[in-house]
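**Q** Provide a 3D model corresponding to the input given below.
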Amino acid sequence: MDIEIEQLRRENRALEAEVARLRERNASHVRVPERGQRTSAADADLLFTAAEKTRMPQIVTDPNLPDNPIVFANRAFQDLCGYSADELVGRNCRFLQGADTDPADIARIRDAIAARRDVVVEILNYRRDGSTFCNELYISPVFTAEGHLRYFFASQLDVTRFRTETGMLAESEARYRTLFNALDAGFCVIEMRFDAVGRAVDYRFVEANRAFASQTGLGEVVGRWVSELIPDLERTWLDTYGAVALTGRSVRFESGAVALGRWFEVQALRIGEPAQHRVALLFNDVTDRRTAEGVLRDTARERTTERDLVWRASRDLLVVCGFDGIYRSVNPAWTEMLGWPEFDLVRTAFSDYIHPEDRDAAVAAFEQLRAGEVLDNLDVRMKMAGGGFRWVSWNAIPQGDHFYAAGRDVTERRALEEQLRQSQKLEAVGQRTGGVAHDFNNLLTVIRSSTDLLKRPDLPEERRQRYIGAISDTVTRAAKLTGQLLSFARRQALTPEVFDVGQSVASVADMVGTLTGARIRVVTEVASYQDREGREVPYLINADASQFDTALVNMAINARDAMSGEGRLDIGVRRTSAIPAVRAHPRIAGDFVAVSVRDTGTGIAEEDLDRIFEPFFTTKGVGQGTGLGLSQVLGFAKQSGGEVLVESEPGAGTTFTLYLPREAGMLVTEESDEEPELLADGHGTRVLVVEDNEEVGGFATQALQELGYETVRALNAEEALAVLRTPPGFDVVFSDVVMPGMNGIDMAREVRHRHTGLPVVLTSGYSHVLAEQGTHGFTLLRKPYSVEDLSRTLGRAVKRAAAARRRSSR
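**A** A predicted model of the protein is given here:
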């Protein structure tokens, strides 16, 4: 800013000198002739010619004409005012004046004209376009040789720019002074002094603002030398300012003045002429900031050290991970706990180290973190470098595009929890063994008594049939009890099919009404669901229909017992988009069908809510229940890819909700085969029976032979495959699933591959293969089975195979 001010000052001085020179020159241009001098017409012509050629604006007026009009205006004047010669000649000069023209200036001109004398006036005139210009006017009278007044000659000098720049300079100077004194920062101008070799030895304060004293603690410094004010000032200050004064290169730096006990942030630049050796300084006292920064640095250093120690010493897994699942940083505990070196983990994916069964839970946790939520206690299995997995419980906090997480090894805790659960189950089994044994002993008593009575030779036929029926019914009850046990253990062989839950609930509701009694009102509600075209969409699922019915009945019976035979039972079906979080499992998004059973009973005590699905747990007395009903519901739900939730409040009833995956599309109804008779004649149908158990195999072959089937028995899968290679062939294969060597499923698939079109019927009372993998499309007959079931199932399989062959031959 000082450089610009100095430049304006120099230009103003030059302009003032030019104005003085022009004034002196104009004063000699026209003058009154001295005594004895003469002027002629030729002299007047020469005057106009000279005025036309000059670049200075000039006009001539004739006082001998009315109103002293303009009789000549050169090109320069026309350019200055914007009027043409035709518009100027014949008019008095006053038309160039306006509202802002000073009347005093006008009076001075009028007086000079009247007195016929020279005058110099600075006057404000108006251009043709209405803009103004400041005009320094030089008027001189021109006389003839005889001394008569001939013309007034007026030279013009446009001083608008000079006056504008002078005003700007004054305004700039005023602003500079205002800013100079208003600054909170210290500001001063110093003048350097150098020795003979050009080394800075001292400097003098030329100017200083008001803030200088508060920033430095020094007062009244203008005109004084720094060596006088601060005798012990560090040499670096003189060298720095000296370099600025000599080179003109500005600097910005921070440094301390020990003698003043302060730190300063300084900006220094050269001003004025280089020979003046002047430097302007703008500075702030930053002592407090430097002190605070020092404290912060020390604190940060301590905290960084603490953090690094915690990072290295922690036995928990610590990780910084992006929302894209890529590790950014891990601590050494990963190597100690899981065996993975740190450099192998960074820039790899979190999902690469998660157990496949836990990845859905991890994905849900990532979504939670992306939404800005804190993650608490997510238990997943992490892969170890040497093989195997360890349980790790994660807590995480999101920050920006990443999150910070800590994982604790809870493998031992999980093992202890599992042991506790097993011990609780064993305790429950021990508590309920009497009830289960009681139920089975009752069933065995009926069977034993009936068989003993059937041995009597004189037993009437009517009583014989009654005992036989009692044995059959008892076997059915025993099969149901074992089926409940298998369902809880999730080893029940399911036969999934696509069916409409709404229709199944409606058909089961009548039976539920019979089970609950007349004093319990059963209400079913299937929520309406339509597609975009307004068509009613069924609630389809792919599950075992009979097991679904059993689960629904078990929930209804549980509700009936809770209401003591009187109340209201609501069964509802609706569609939902997620399974809520339950039993340490996260929320699962998807398309599900929710079947709810709500009662108005006594409710479930809070301490029992976590145990109601345990096998053999019941609040009923001995002999009043097996404690397996709700266990069957949970087992069925889990095997079908769903879940079951319970909500209850003592005295306000209970709601069980069964969630099952919804099947997309519409229900396709196939034409059913004609149902075979209960004891259909085999008509010579050839059956290969594959059964490793001697008693079961012998019973099956004998029963089939009595029904007219031709049977061949194989003890295992390998023998069966060998028999099938020999003529004359078979119409159907009936095989157990659990056998030594190749199991029944694998054998059936091999038969399908080698003998296309040959039907295979499987049978099993328990098989982990069926429970985990399903039947692979083969017909399944559950043990224990009756002769009627066996005959009907084989007959249906043979008919379906024959129908398929007929369709393929068309």
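**Q** Which residues does stretch 323-338 contact?
**A** Stretch 323-338 has contacts (C-beta atoms under 8 Å, 6 or more residues apart in numbering) with 311-312, 314-322, 340-342, 345-351, 353, 366, 369-370, 382-385, 390, 398, 401-403, 409. Where C-beta positions appear, they are placed from N, C-alpha and C, glycine not excepted.
**Q** Identify the residue nearest Val644 in space, chain neighbours excluded?
**A** Spatial nearest neighbour of Val644, excluding adjacent residues (C-beta to C-beta, 6 or more residues apart in numbering): Ala637 at 4.6 Å.
**Q** just checking, what packs against the helix or strand hosting the one you found?
**A** Element membership of Ala637 [criterion: DSSP states H and E] is helix 629-639. Using 3 or more C-beta pairs under 8 Å, 6 or more residues apart in numbering; DSSP states H and E, the elements in contact with helix 629-639 are helix 461-488, helix 545-562, strand 643-648, strand 654-661.
**Q** mind checking which of these is nearest Arg193?
**A** With C-beta to C-beta, the closest approach to Arg193 among the helices and strands packed on helix 629-639 belongs to strand 643-648: 90.8 Å.
**Q** Let me know the angle separating the closest one from helix 545-562.
**A** Counting by axes from the mean of the first three to the mean of the last three C-alpha atoms, to 10 degrees, strand 643-648 lies at 10 degrees to helix 545-562.
**Q** and strand 643-648, which strands flank it?
**A** In the sheet, strand 643-648 lines up against strand 654-661 (antiparallel) (DSSP bridges).
**Q** Can you report the mean pLDDT over the residues of the partner strand?
**A** Mean pLDDT, strand 654-661: 92.
**Q** try stretch 139-157
**A** For stretch 139-157, the mean per-residue pLDDT is 86.
**Q** Tell me how far it lies from the chain's centre.
**A** Distance of stretch 139-157 from the chain centroid (C-alpha atoms, centre = their mean, to the nearest Å) equals 91 Å.
**Q** Could you say which helix or strand holds the nearest residue to Val206 once chain neighbours are set aside?
**A** Nearest residue to Val206, sequence neighbours excluded (C-beta to C-beta, 6+ apart): Val189, at 4.3 Å. Take DSSP H and E as the rule and Val189 turns out to sit in strand 186-194.
**Q** Check what contacts whichever helix or strand comes after that strand and list those residues.
**A** Towards the C-terminus, the helix or strand next in line after strand 186-194, according to DSSP H and E, is strand 200-208. Contacts of strand 200-208 with the rest of the structure, by C-beta under 8 Å, 6+ apart, involve 180, 186-195, 221-227, 238-239, 241-242, 245, 278-279.
**Q** Next: stretch 345-357.
**A** With contact meaning C-beta under 8 Å, 6+ apart, stretch 345-357 is reached by 321, 325-330, 334, 338, 340, 359, 362, 380-383, 389.
**Q** Check stretch 99-109 too.
**A** The contact list for stretch 99-109, computed with C-beta under 8 Å, 6+ apart, reads 94, 97, 119, 121-126, 132, 137, 139.
**Q** Among these, name the buried ones.
**A** By neighbour count, with 16 or more other C-beta atoms under 10 Å, the contacts of stretch 99-109 hold 97, 119, 121, 123-126, 137, 139 as buried.
**Q** Among these, which one lies nearest to Gly217?
**A** Nearest to Gly217 among those: Leu124, at 52.8 Å, using C-beta to C-beta.
**Q** Tell me which helix or strand comes right after the host helix or strand of Phe734.
**A** Per DSSP H and E: Phe734 is located in strand 732-736. Note on strand 732-736: by DSSP H and E, the next helix or strand toward the C-terminus is helix 744-754.
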